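K.L.:
Let me see the structure of the following:
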Amino acid sequence: MESKIIDLNVGFVITDDKFNVLYRNKYFKTNICKNSEDILNKKITIFFQDIKVDNEEFYPVKYADNSVYFVLHNKLNLNNKDLYIFFFCDFSIGNELEKQIVRLSSQQYLYNEMLNKLNDGIYITDEEGTTTFVNDAFLNLSGLTREQIIGKTVYNLRKLNILPNSCCAKVIEANGPVSTINNYYKGQRCLVSGSPIFDEKGRLAKTIAVIRDVSELDVLMKNIAKEKNLFIENNDSDVKVMEGNKEPVIVFNNEKMKNIYGRAKKIANVDSTILILGETGVGKDFIASYIHSISNRKNGKFIKINCSAVPEHLLESEFFGYEEGAFTGAQKGGKKGLFEQANGGVLYLDEIGDMPYTLQVKLLSALNDRMFYRIGGTTAVEFNARIIAATNVDLKHLVEEKKFRADLYYRLNVVTFVIPPLRYRKEDVIPLAQQFIEYYNNKYGKNCYFTANCLEHFLVYDWPGNIRELKNIIERLVLMTDEAFIDTNLFTENLMLYETGSDAANNNIFLIDNKTLKDKIDDYEKEIIETTLAVSKNLKEAAGRLGIDISTLVRKKQKYNLNN
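P.N.:
Now for the predicted structure:
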């Protein structure tokens with residue numbers, strides 16, 4: 001008889017009319033009896049005392065181990081024998097699943113509520129780019145509705161110009177983190193940072209983007225773009241006067257630059273003269289204005305004069321001023337010189353190496369005596385301004401050639417800053433590039449961004465014109481691109497236009513060696529790791545500085561054969 005009974009995926013037993021068990025299926029033995037003694041040939045009422053046959057509906061019974069099952073029975077006659085068949089159902093699994101579903105639903109609700117409390121917008125898609133969740137902040141920032149985007153792919157939304165610069169689409173395409181600046185057509189200007197989310201097998205499962213309102217930054221950048229509001233220009237365009245106490249935004253990752261700015265903070269509130277040395281375009285002006293902005297003279301004027309651009313016969317009158325009638329054409333009532341105007345502030349002498357030799361004597365006298373005379377004047381004028389000088393030439397060499405006074409050189413060279421060229425601090429290239437592209441995006445109302453390959457070429461290029469060249473090329477790229485993205489082709493094309501003649505052949509490092517882009521990037525990575533290891537106490541500190549795991553650092557040490 002047992003061979004004729006089909007084992008169903010449910011527990012059941014067959015008994016005679018005295019409740020003696022004649023058959024129990026495999027599921028019953030394995031999942032209900034479990035490790036208990038076998039019920040076969042024994043009375044079922046021994047194991048289920050509350051079992052009964054006068055109930056035709058499901059009713060609960062308790063097993064010997066106190067587990068509860070629901071029973072449904074049926075009476076049948078076989079070969080003139082009355083038999084009972086009892087079906088046992090375990091609803092505990094179903095109940096547990098129901099509880100889990102309720103709990104997960106509750107958790108999902110709480111997660112959604114928490115995300116809706118954030119001020120930053122949240123945008124989530126599945127692996128195919130279908131929008132699955134947005135929080136309230138995103139709707140407020142973008143001006144969109146859930147009906148417009150939930151269930152829609154970011155590719156269709158991009159095609160319909162609802163999300164023209166979709167960050168999540170770029171995350172899927174790049175299979176990595178992406179940041180963009182988005183101007184939502186009914187909302188705010190926002191910084192969007194997107195990241196991929198992978199499952200336990202390393203496959204893309206979701207993307208998430210965090211959207212931050214940068215409208216305040218937008219206002220600030222517009223103010224910066226209005227240069228006439230920040231600079232009061234003299235009749236001579238090579239003399240600039242800046243007022244106010246706004247501290248410049250500093251962008252650097254290089255250790256030498258960190259040391260330079262650290263020293264700048266230390267000497268900001270003393271009056272020692274400062275000499276800033278460095279190639280053209282490395283940011284000497286920025287260092288000077290930074291020192292002024294954090295000093296106790298920040299409420300005074302910051303006056304810059306380019307010593308190489310002002311005609312020699314005008315320099316003395318520009319520096320020290322003149323009295324009425326001092327020379328033909330002199331202004332009625334005389335004129336204050338820059339030394340006098342700079343009292344309480346900073347006088348910044350750019351290209352000091354080009355100052356005429358004859359005027360160097362008067363400058364030295366003013367610095368030593370802290371006073372000077374106007375042209376044609378007989379009354380001494382007190383001098384209370386800090387002097388910051390800068391040059392891109394070797395002053396020591398000029399001293400040896402008798403083109404620059406040795407006593408003035410040593411008088412200026414009290415605190416010296418040597419600014420390294422950009423090619424020696426490649427870790428600053430990308431942050432500077434991002435700052436400049438945001439500035440020009442705002443200035444020209446664009447939404448441009450760099451591709452990964454373009455940024456890699458930024459790192460490989462030597463930037464002979466330093467930060468000024470980087471800034472000028474990025475402005476040109478923003479103006480010339482017809483797309484939102486700026487790629488390698490556009491960069492190299494404009495780089496060749498930027499450099500002309502033999503300079504292009506000498507400076508364009510894309511043409512002077514046979515190394516591949518990967519080789520150059522590896523060389524740069526090796527240099528960064530080697531430098532970081534040299535200034536770190538241990539691997540843990542070095543990994544922290546580099547922002548990578550120790551295991552990754554060890555692998556890269558082995559790759560580049562570094563034994564630090």
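K.L.:
Assign residue 348 to helix, strand or coil.
P.N.:
strand (DSSP: H, G, I helix; E, B strand; the rest coil).
K.L.:
Ok, residue 396 next?
P.N.:
helix.
K.L.:
and it, how many neighbours does it have?
P.N.:
By the criterion of other C-beta atoms under 10 Å, residue 396 has 12 neighbours. Where you see a C-beta, it was placed from the backbone N, CA and C, and this is true even at glycine.
K.L.:
Skip the chain neighbours and tell me the closest residue to it.
P.N.:
Sequence neighbours aside, residue 409 is the residue nearest to residue 396 in space, at 7.4 Å (criterion: C-beta to C-beta, 6 or more residues apart in numbering).
K.L.:
I'd say the one you found and residue 394 touch.
P.N.:
No: with contact defined as C-beta atoms under 8 Å, residue 409 does not reach residue 394; the gap is 10.9 Å.
K.L.:
Comparing these two, which shows the higher neighbour count?
P.N.:
Just comparing residue 409 and residue 394: by other C-beta under 10 Å the higher neighbour count belongs to residue 409, 19 against 13.
K.L.:
Check the offset of the helix or strand hosting that one from the chain's centre.
P.N.:
According to DSSP states H and E, residue 409 maps onto helix 406-412. Distance of helix 406-412 from the chain centroid (C-alpha atoms, centre = their mean, to the nearest Å) equals 44 Å.
K.L.:
returning to that earlier point: for residue 362, see how far away the residue nearest to residue 396 is.
P.N.:
Remark: distance between residue 409 and residue 362 (C-beta to C-beta, to the nearest Å) = 16 Å.
K.L.:
burial measure for residue 352, as a count.
P.N.:
Neighbours of residue 352 under the rule other C-beta under 10 Å: 26.
K.L.:
scratch that, residue 452
P.N.:
Counted with other C-beta under 10 Å, the neighbours of residue 452 add up to 11.
K.L.:
Let's check: the centremost residue of this structure is which one?
P.N.:
Compute the mean C-alpha point of the chain, and by C-alpha atoms, centre = their mean the closest residue is residue 179, 7.4 Å away.
K.L.:
Overlap in contacts, residue 409 and residue 394.
P.N.:
Common neighbours of residue 409 and residue 394, counting by C-beta atoms under 8 Å, 6 or more residues apart in numbering, are absent.
K.L.:
shouldn't residue 250 be in contact with residue 262?
P.N.:
No: assessed by C-beta under 8 Å, residue 250 is found out of contact with residue 262, at 11.3 Å.
K.L.:
hmm, back to that, can I get the helix holding residue 409 in PDB? Just the C-alpha atoms.
P.N.:
Backbone C-alpha positions of helix 406-412 (Å, rounded to 0.1, in the frame of the first residue of the first chain) are rendered in PDB as follows:
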ATOM      1  CA  ALA A 406      73.000  93.600  -3.300                       C
ATOM      2  CA  ASP A 407      71.900  95.600  -0.300                       C
ATOM      3  CA  LEU A 408      68.300  95.900  -1.600                       C
ATOM      4  CA  TYR A 409      68.300  92.100  -2.400                       C
ATOM      5  CA  TYR A 410      69.300  91.300   1.200                       C
ATOM      6  CA  ARG A 411      66.800  93.900   2.500                       C
ATOM      7  CA  LEU A 412      64.000  92.200   0.600                       C
END
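K.L.:
what about residue 291, helix or strand, and which?
P.N.:
Per DSSP H and E: residue 291 is located in helix 284-293.
K.L.:
chain center to the helix or strand that comes right after that helix: distance?
P.N.:
Next helix or strand after helix 284-293 toward the C-terminus (DSSP H and E): strand 302-306. Distance of strand 302-306 from the chain centroid (C-alpha atoms, centre = their mean) equals 34 Å.
K.L.:
could you give me the average pLDDT of strand 302-306?
P.N.:
Here strand 302-306 scores 87 as its mean pLDDT.
K.L.:
Same check on stretch 348-362?
P.N.:
Stretch 348-362 comes out at a mean pLDDT of 85.
K.L.:
buried stuff in it?
P.N.:
By 16 or more other C-beta atoms under 10 Å, the buried positions in stretch 348-362 come out as 348-355, 360.
K.L.:
nearest to residue 455, of these?
P.N.:
Taking C-beta to C-beta as the measure, residue 455 lies nearest residue 350 of the buried residues of stretch 348-362, at 31.5 Å.
K.L.:
Surely that closest one touches residue 307?
P.N.:
Yes: if you go by C-beta under 8 Å, residue 350 and residue 307 touch, sitting 6.6 Å apart.
K.L.:
Go ahead and report the secondary structure state at the residue nearest to the centre of the chain.
P.N.:
Applying three-state DSSP: residue 179 is strand.
K.L.:
so who does it touch?
P.N.:
Contacts of residue 179 (C-beta under 8 Å, 6+ apart): 167, 191-194, 449.
K.L.:
Show me the residues you listed that map onto strands.
P.N.:
In strands, judged by DSSP state E, the following of these are found: 191-194, 449.
K.L.:
Buried residues in the helix or strand where residue 171 lies, which are they?
P.N.:
Using DSSP H and E, residue 171 sits within helix 167-174. Within helix 167-174, the residues scored as buried using 16+ other C-beta under 10 Å are 167-172.
K.L.:
Going by distance to residue 537, which of these wins?
P.N.:
Of all the buried residues of helix 167-174, residue 537 sits closest to residue 171, with 36.4 Å by C-beta to C-beta.
K.L.:
Surely the closest one and residue 177 touch.
P.N.:
Yes: counting by C-beta under 8 Å, residue 171 does reach residue 177; the two are 7.0 Å apart.
K.L.:
just checking, what packs against the helix holding residue 171?
P.N.:
With contacts defined as 3 or more C-beta pairs under 8 Å, 6 or more residues apart in numbering; DSSP states H and E, the packing partners of helix 167-174 are strand 121-126, helix 154-159, strand 178-183, strand 189-198, strand 204-213.
K.L.:
Export those as CSV, with columns for mean pLDDT.
P.N.:
Converted to CSV, these look like this (pLDDT from 0 to 100):
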stretch, mean pLDDT
strand 121-126, 92
helix 154-159, 90
strand 178-183, 78
strand 189-198, 85
strand 204-213, 88
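K.L.:
could you dump these to CSV with distance to residue 334?
P.N.:
As requested, the helices and strands packed on helix 167-174 are arranged in CSV below (distance: least, C-beta to C-beta, whole Å):
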stretch, distance to residue 334
strand 121-126, 61
helix 154-159, 66
strand 178-183, 51
strand 189-198, 50
strand 204-213, 53
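K.L.:
Looking at these, spot the one closest to residue 542.
P.N.:
Across the helices and strands packed on helix 167-174, residue 542 has its closest neighbour in strand 189-198 (25.0 Å, C-beta to C-beta).
K.L.:
how about the residue of the chain most remote from its centre, what does it touch?
P.N.:
Going by C-alpha atoms, centre = their mean, the residue of the chain most distant from its centre is residue 80, 85.0 Å out. Under the criterion of C-beta under 8 Å, 6+ apart, residue 80 has no neighbours.
K.L.:
how near is it to residue 258?
P.N.:
Residue 80 sits 100 Å away from residue 258, taking C-beta to C-beta as the criterion.
K.L.:
Also residue 544?
P.N.:
Note on residue 544: its distance to residue 258, by C-beta to C-beta, is 15 Å.
K.L.:
remind me which residues of the stretch 401-550 of the chain are low pLDDT?
P.N.:
Applying pLDDT under 70 to the stretch 401-550 of the chain picks out residues 496-515, 534-535.
K.L.:
make it 90
P.N.:
Applying pLDDT under 90 to the stretch 401-550 of the chain flags residues 401-405, 408-414, 423-431, 434-435, 438-439, 441-462, 464-465, 480-550.
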